[in-house]
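Participant: Prediction below, plus the sequence it came from.
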Amino acid sequence: MITQNAADELAEQALRGPVRLRTLTALRWLAVAGQLAAILIVHFALGFRVPLGLCLAAIAMSAWLNIFIMLRFSPRRYLSDQEAAASVIFDIVQLCALLFLTGGLQNPFSVLILAPVTIAASVLPLRLTILVGGCAFAGISALAAFNMPLPWRAGVEMALPPILSIGIWVSLSFAVAFFAAYAHRIAAESAQLKSALAASQLILAREERMAAIGGLAAAAAHELGTPLATIQLTAKEMADELAGAGLLEEDAKLLVSQAQRCREILGRLSNRGDARDVMMDRIAVDLMLKEAAEPFIDLRNGPAVIFDVKGAAEKAAPVLQRKPEIIYGLRNLVENAVGHAHSKVLVSADWDDANLSVEILDDGPGFSPDILGRLGEPYLGGRSRGRASSARTGGLGLGFFIAKTLLERTGAAIAFDNRDWVDTPSHSGAWVSVKWPQSAILADIG
């Protein structure tokens with residue numbers, strides 16, 4: 001059985017994607033070039049004596065590792081999370097070795113230890129990010145206690161006050177933790193957003209394919225009509241010629257009747273396809289609400305779905321473009337309301353000359369205040385609704401994001417809140433409002 005933590009880690013890994021070997025080797029070559037240039041400039045140009053042989057040996061460790069990797073593996077190879085973490089940890093150890101030879105944390109370049117930590121946090125799962133951050137912290141602590149003197153002028157020893165050295169150690173330690181957390185969070189949210197958008201596109205494509213089935217069936221029925229007419233005509237001629245032939249005449253008449261039956265079936269199928277095409281182009285707002293909520297109407301042991309079309313008494317209901325985005329987006333919102341309602345869900349529509357609004361209100365516990373401001377984000381961590389259902393999960397993450405994305409694509413503005421019921425003002429439930437400018441969704445009647 002897979003635990004929840006393991007499932008979360010697998011989902012996170014799927015969202016982030018693998019790391020290519022070429023990326024890490026290119027970054028390591030960049031570090032080698034920078035380290036070599038800094039050592040040579042400090043030693044020869046500035047005249048600060050460094051243990052040149054040991055420093056070049058530390059830099060050569062990275063160069064030889066890159067050469068070995070290039071000879072052993074394809075640069076297009078993708079690394080596992082463990083391999084990528086091991087590669088970053090090597091870079092941290094190599095940098096710490098070089099800093100140990102050149103003054104430890106007193107070296108201004110000690111800040112570069114943040115680079116491998118940030119890279120790891122952006123591509124690795126949280127568990128390995130913590131491991132890499134822990135290695136960086138251990139390296140910083142070791143450099144604060146043990147290091148060779150900072151290269152300086154001959155006969156002069158450069159030593160910082162102990163309090164300043166402690167301050168550098170504290171600042172770098174906090175920087176490691178902050179940069180790791182920040183980079184990991186940004187990378188995770190970016191990956192989740194891409195995944196959610198891809199899911200939205202797949203769902204919309206599926207809805208569009210389903211909508212095209214009616215037209216395809218009508219075209220097939222039209223194409224099959226001609227050969228069936230030929231078969232029926234030939235069967236009639238055979239029946240006339242076999243008049244009085246007993247069983248052969250009966251077989252010919254049976255063939256005529258069955259061919260006629262096939263033509264009637266295809267005719268009904270063709271008519272449905274034509275009607276479906278018209279419906280797919282235009283739909284009244286009240287029918288749109290009923291189609292969106294159709295899977296949840298008259299559910300056994302489920303809440304009652306109530307429809308309220310408020311503007312119908314003043315003027316005719318507007319005729320809208322029938323878009324799969326609208327139907328599927330509203331269906332997602334109604335499904336969430338039905339899933340959390342106690343006994344009833346109100347789906348209402350109202351309009352004026354400029355706007356059309358659809359509201360969905362349930363009599364459930366309502367949205368929890370801690371996530372109300374985050375609704376519409378993909379993969380919410382906490383999905384509970386209300387104090388009474390703090391253990392309930394599902395329905396407030398990817399589903400809400402997909403609904404919000406699809407509806408906003410049609411020009412809608414989405415709002416979430418908790419509202420009181422008219423007949424029971426003491427009880428509030430979850431309320432979702434979807435509002436369009438009519439110019440964005442009205443069908444072209446002409």
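Facilitator: Yep, that arrived.
Participant: The closest residue to Met70 other than its chain neighbours: neighbour count?
Facilitator: Of all residues not flanking Met70 in the chain, Thr25 sits nearest, at 6.7 Å (CB to CB, 6 or more residues apart in numbering). All C-beta spots, glycine's among them, are computed from the backbone N, C-alpha and C. Thr25 has 19 neighbouring residues, counting by other CB atoms under 10 Å.
Participant: what's downstream of the helix or strand hosting Thr25, the next helix or strand?
Facilitator: For Thr25, the element it lies in under DSSP states H and E is helix 21-40. For helix 21-40, the following helix or strand on the C-terminal side (DSSP H and E) is helix 52-72.
Participant: Direction included, what does the longest strand anywhere in the chain pair against?
Facilitator: If you go by DSSP state E, the chain has its longest strand at strand 428-437. In the sheet, strand 428-437 lines up against strand 355-362 (antiparallel), strand 413-420 (antiparallel) (DSSP bridges).
Participant: How far away from the center of its chain is that strand?
Facilitator: 23 Å (CA atoms, centre = their mean, to the nearest Å).
Participant: Make sure Phe146 is actually in contact with Phe100.
Facilitator: Yes. Using CB atoms under 8 Å, Phe146 is in contact with Phe100, at 6.9 Å.
Participant: do you know which of the strands paired with strand 428-437 lies nearest Val176?
Facilitator: Shortest distance between Val176 and the strands paired with strand 428-437, using CB to CB, is found for strand 413-420: 37.7 Å.
Participant: Outside of the closest one itself, list whatever touches it.
Facilitator: Residues from elsewhere that reach strand 413-420 (CB atoms under 8 Å, 6 or more residues apart in numbering): 361, 366-367, 372, 375-376, 404, 407-408, 426-436.
Participant: Identify the residues contacting Ser428.
Facilitator: 366, 418-421.
Participant: Now Gln321. Its backbone dihedrals?
Facilitator: The phi/psi pair for Gln321 (degrees, to the nearest 10) reads phi -70, psi 130.
Participant: Could you measure from it over to Leu442?
Facilitator: Applying CB to CB, to the nearest Å, the value for Gln321 to Leu442 is 7 Å.
Participant: quick one on the thing from earlier: what subset of the contacts of strand 413-420 is buried?
Facilitator: By neighbour count, with 16 or more other CB atoms under 10 Å, the contacts of strand 413-420 hold 361, 366-367, 375-376, 404, 407, 428-436 as buried.
Participant: quick one: low-confidence parts of the stretch 1-150 of the chain?
Facilitator: 1-17 (pLDDT under 70).
Participant: What segments of the stretch 51-200 of the chain are helices?
Facilitator: Taking DSSP state H, counting those that start in this stretch, the helices of the stretch 51-200 of the chain run over residues 52-72, 81-101, 114-123, 126-145, 162-241.
Participant: More neighbours: Phe146 and Phe100, which one.
Facilitator: Phe100 (18 against 9).
Participant: dump the residue contacts of the more buried one.
Facilitator: When contacts are counted by CB under 8 Å, 6+ apart, Phe100 touches 142-143, 146-148.
Participant: ok, and the most crowded of these?
Facilitator: Of the contacts of Phe100, Leu143 is surrounded by the most neighbours, 25 neighbours in total, counting by other CB under 10 Å.
Participant: ok, now which ones touch the residue nearest to it when sequence neighbours are not counted?
Facilitator: Closest residue to Leu143 apart from its sequence neighbours, by CB to CB, 6+ apart: Gly104 at 4.1 Å. By CB under 8 Å, 6+ apart, the residues touching Gly104 are 110, 143-144, 146-148, 150.
Participant: Out of those residues, which is nearest to Leu247?
Facilitator: Comparing those against Leu247 with CB to CB picks out Ser110 as the nearest, at 102.2 Å.
Participant: where's the residue lying closest to Ile186 once chain neighbours are set aside relative to Gly139, distance?
Facilitator: Nearest residue to Ile186 in three dimensions, chain neighbours excluded: Ser122, at 7.4 Å (CB to CB, 6+ apart). From Ser122 across to Gly139, the span is 20 Å (CB to CB).
Participant: So for stretch 334-348, what gets flagged as buried?
Facilitator: Using 16+ other CB under 10 Å as the test for burial, stretch 334-348 gives 334-341, 344-348.
Participant: Pull the residues that contact that stretch.
Facilitator: Residues from elsewhere that reach stretch 334-348, judged by CB under 8 Å, 6+ apart: 289, 292-293, 295-296, 299, 302-310, 358-365, 385, 389, 392, 394-396, 399-400, 429-430, 432.
Participant: how long is that stretch end to end?
Facilitator: Across its full length, stretch 334-348 reaches 11 Å between end residues, using CA to CA, to the nearest Å.
Participant: what's Ala115 in contact with, if anything?
Facilitator: Counting by CB under 8 Å, 6+ apart, Ala115 has contacts Ala31.
Participant: give me phi/psi at Arg374?
Facilitator: According to degrees, to the nearest 10, Arg374 has phi -110, psi 0.
Participant: correct me, but Ile441 touches Arg322?
Facilitator: No. Using CB under 8 Å, Ile441 makes no contact with Arg322, being 9.6 Å away.
Participant: what residues are shared contacts of these two?
Facilitator: Residues touching both Ile441 and Arg322 by CB under 8 Å, 6+ apart: none at all.
Participant: what about stretch 345-362, average pLDDT?
Facilitator: Per-residue pLDDT values across stretch 345-362 average out to 90.
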